[in-house]
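**Q** Predicted coordinates and the sequence they were generated for:
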Amino acid sequence: MQSNIQIQILKKMIYHGYIGGRHTSVDNICKGFPPHVKKEVRKEIRRLYNNCFLLTKPTNYGKQLSINPRKIKEIKHILISEILED
């Protein structure tokens, strides 16, 4: 079961199209979350990465993240089931 923060991270990344070759920084993912939960957002990003939902791309300007395209069906299933529960 995914946490609410993980759901919001995945929604945001899919909305902006950060899948596969298109990537963004951790700081950009944290934008839009209240300041008091940004530390928790970074922990949830690490958990998503450890569960292979996110991929990293090292660049000369920092680590970039994108959604693993091999997990996109599973992610969409998670997001759809979350919508249906509400």
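**A** Yes, it's here.
**Q** Could you give the number of residues near the closest residue to G21 other than its chain neighbours?
**A** In space, not counting the residues next to it along the chain, G21 is nearest to S66; the distance is 7.2 Å by CB to CB, 6 or more residues apart in numbering. The way it works is simple: take the backbone N, C-alpha and C, and place the C-beta from them, glycine included. Taking other CB atoms under 10 Å as the criterion, the count of residues near S66 is 18.
**Q** If I look at the residue sitting furthest away from the middle of the chain, what pLDDT would I see?
**A** Within the chain, the residue lying farthest from the chain centre (CA atoms, centre = their mean) is N60, at 21.5 Å. N60 is assigned 91 on the pLDDT scale.
**Q** and if you look at I83?
**A** Here, the pLDDT recorded for I83 equals 80.
**Q** and it, how far is that from H36?
**A** I83 sits 26 Å away from H36 when distances are taken as CB to CB, to the nearest Å.
**Q** Show the residue spans covered by the strands in this structure.
**A** For the chain, applying DSSP state E gives strands covering 24-25, 54-59, 62-67.
**Q** neighbour count winner among I83 and H36?
**A** Neighbours around I83 and H36, counted as other CB under 10 Å, are more numerous at I83. The numbers are 10 against 7.
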